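Colleague: pasting a predicted model and its sequence here:
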Amino acid sequence: MSTYDIIVLGSGPGGYVTAIRASQLGFKTAVVEKESLGGVCLNWGCIPTKALLKSAQVFEYLKHAGDYGLSVKEYDKDFDAVVKRSRNVADGMSKGVQFLMKKNKIDVIEGFGKLKAGKKLEVTDKDGKKTEYSAKHIIVATGARSRELPSLPQDGEKVIGYRKAMTLEKQPKKMIVVGSGAIGVEFAYFYNSMGTEVTIVEYMPKIVPVEDDEVSKQLERSFKKSGIKIMTSAEVTSVDTSGDGVKAMVKTKKGEEVLEADIVLSAVGIKTNIENIGLEDVGIATDRDKILVNDYYQTNIPGYYAIGDVTPGPALAHVASAEGILCVEKIAGMHVEALDYGNIPGCTYCTPEIASVGLTEAKAKEQGYDIKVGKFPFSASGKASAGGNKEGFVKVIFDAKYGEWLGCHMIGAGVTDMIAEAVLGRKLETTGHEVLKAVHPHPTMSEAVMEAVAAAYDEVIHI
Ligand SMILES: Cc1cc2nc3c(=O)[nH]c(=O)nc-3n(C[C@H](O)[C@H](O)[C@H](O)COP(=O)(O)OP(=O)(O)OC[C@H]3O[C@@H](n4cnc5c(N)ncnc54)[C@H](O)[C@@H]3O)c2cc1C
């Protein structure tokens, strides 16, 4: 039987990053994968969606070439080619992980892994052959898949999840997107830009429900302006797929209404991959669909760990990676600080983009803080004007008493690349005045952060 120091089950951004860090720390490491290296993120999540969104954005630029003094006589989209490009980008990234595994001397074991007692793992390959491995430490990083609602069973044709939504053979004329979290609004933006008639149905009273209220309002305005229909405080109670398309029964405050479309995309969250992986045989505790872990990702059974989407906490690639690194550094005996889940950035890549970290204004008030709020609109930014991207703003929230940077919320072009400033500032426990005194380059979109902070302290220059 092959024996390792560390075996990681699953090779998503949790698993493969964990394996690399483990190898760097001198552990003999293997990673087990049943599908493609890179997991959901590289193959079916973060990366292929961003490739689709880039095509949509370029298409939007072509549509608005006149705004930039340019004339494009003929342009069109090729839906098939857009999808192919996205798949090629994903395949390239997965091959990149293959290279990283080789470079770091990590064994890749192909097949379905199942935990066994005594720190063993059984892997069944595609021909059904079973092989047993043992390790001093086994880290579960099996991730998650699209969640199915009983009222919205996915048939993979007319009622689909995110995987199918990024590989459709034919562009739908009409689409209903159920759920307006990051995945829902990214697909809504993509399909609307490509020319599909899109309706978003959201159960909560606002879209992108976890974001600051002002961000949700701005996105709703932008989406409505671009032709996306939005129904909030609304619920799809049933779907009828018997005819040519789909009829979705939608319950709203005003009553029930039937929406017709070619496709319904269910984007209502995720379901963890915790079935049939031997958790019960080993006695690993779970709660509400997640594997329970402590601050160092140790389960209740010594020698078994879990990280990423399969554990509680935000289901994000950068969180999965950070958890895995921390987990193996702890195994290596390093002094590690528990992850600060209050300082995790969240990004949404539709147009306008959204990026946020920390408390929303409502949450800060709810928690009893006396706050200072500053907001700077991109309409007052030189770089935004030059780029034709005047939509959106940066909003910052500080604790009035001690100057702690409680939250930062951005909506606009390229803001997903700007939020790290707030994450770093908060990590270093900076105050508003320190941000103000850190000279930002001109002209950049990032000046808006400095100006928003200045606005919070009544020192704003450009508004
Ligand atoms: C459409 C979409 C867009 C997204 N966009 C973003 C984004 O922009 N930014 C962001 O931060 N996050 C994004 N996410 C979320 C992100 O993809 C996940 O948080 C991340 O992939 C979780 O990583 P993980 O390693 O925990 O699990 P996963 O990436 O799910 O990887 C788990 C791996 O384990 C394998 N596996 C499972 N069970 C077994 C088994 N028994 N044996 C062997 N292998 C097994 C699976 O095949 C898979 O490869 C997006 C998700 C989706 C669906």
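Modeller: Perfect, I can see it now.

Colleague: which single residue of the stretch 251-400 of the chain ends up nearest the ligand?
Modeller: Of all residues in the stretch 251-400 of the chain, residue 308 sits closest to the ligand, at 2.2 Å by Cβ to the nearest ligand atom. C-beta coordinates here come from the backbone N, C-alpha and C atoms, glycine included.

Colleague: that residue reaches residue 319, doesn't it?
Modeller: Yes. Counting by Cβ atoms under 8 Å, residue 308 touches residue 319, with 7.5 Å between them.

Colleague: quick revisit: now the residue of the stretch 251-400 of the chain closest to the ligand: closest residue in space, sequence neighbours ignored.
Modeller: Spatial nearest neighbour of residue 308, chain neighbours left out: residue 14 (2.9 Å); criterion: Cβ to Cβ, 6 or more residues apart in numbering.

Colleague: quick one: that neighbour from residue 137, how far?
Modeller: Relative to residue 137, residue 14 is positioned 15 Å away (Cβ to Cβ, to the nearest Å).

Colleague: neighbour count winner among those two?
Modeller: residue 14 (34 against 21; other Cβ atoms under 10 Å).

Colleague: what's that one in contact with, if anything?
Modeller: Residue 14 makes contact with 39, 141, 143, 307-309, 320-321, 323-324 under the criterion Cβ atoms under 8 Å, 6 or more residues apart in numbering.

Colleague: for these, pick the one with the most neighbours.
Modeller: Most surrounded of those: other Cβ under 10 Å gives residue 308, at 35 neighbours.

Colleague: do the longest helix along the chain and the ligand meet?
Modeller: As assigned by DSSP state H, the longest helix anywhere in the chain is helix 79-103. No. Counting by Cβ under 6 Å from any ligand atom, no contacts exist between helix 79-103 and the ligand, the nearest distance being 9.6 Å.

Colleague: what is that helix packed up against?
Modeller: helix 15-24, helix 39-44, helix 46-63 (3 or more Cβ pairs under 8 Å, 6 or more residues apart in numbering; DSSP states H and E).

Colleague: what's the closest of the ones you listed to the ligand?
Modeller: Between the helices and strands packed on helix 79-103, helix 39-44 lies closest to the ligand; by Cβ to the nearest ligand atom that is 2.6 Å.

Colleague: can you list the domain ranges for the protein.
Modeller: Domains of the chain are assigned by automatic domain parsing as 2-146+271-341, 159-268, 352-456.

Colleague: so can I have a markdown table of those showing mean pLDDT?
Modeller: Below are the domains of the chain laid out as a markdown table (pLDDT from 0 to 100):
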| stretch | mean pLDDT |
| --- | --- |
| domain 2-146+271-341 | 98 |
| domain 159-268 | 97 |
| domain 352-456 | 97 |
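
Colleague: interface residues of the stretch 1-150 of the chain facing the ligand?
Modeller: Residues of the stretch 1-150 of the chain lying near the ligand (Cβ under 6 Å from any ligand atom): 9-15, 32-35, 39-41, 44-46, 49, 112-113, 141-144.
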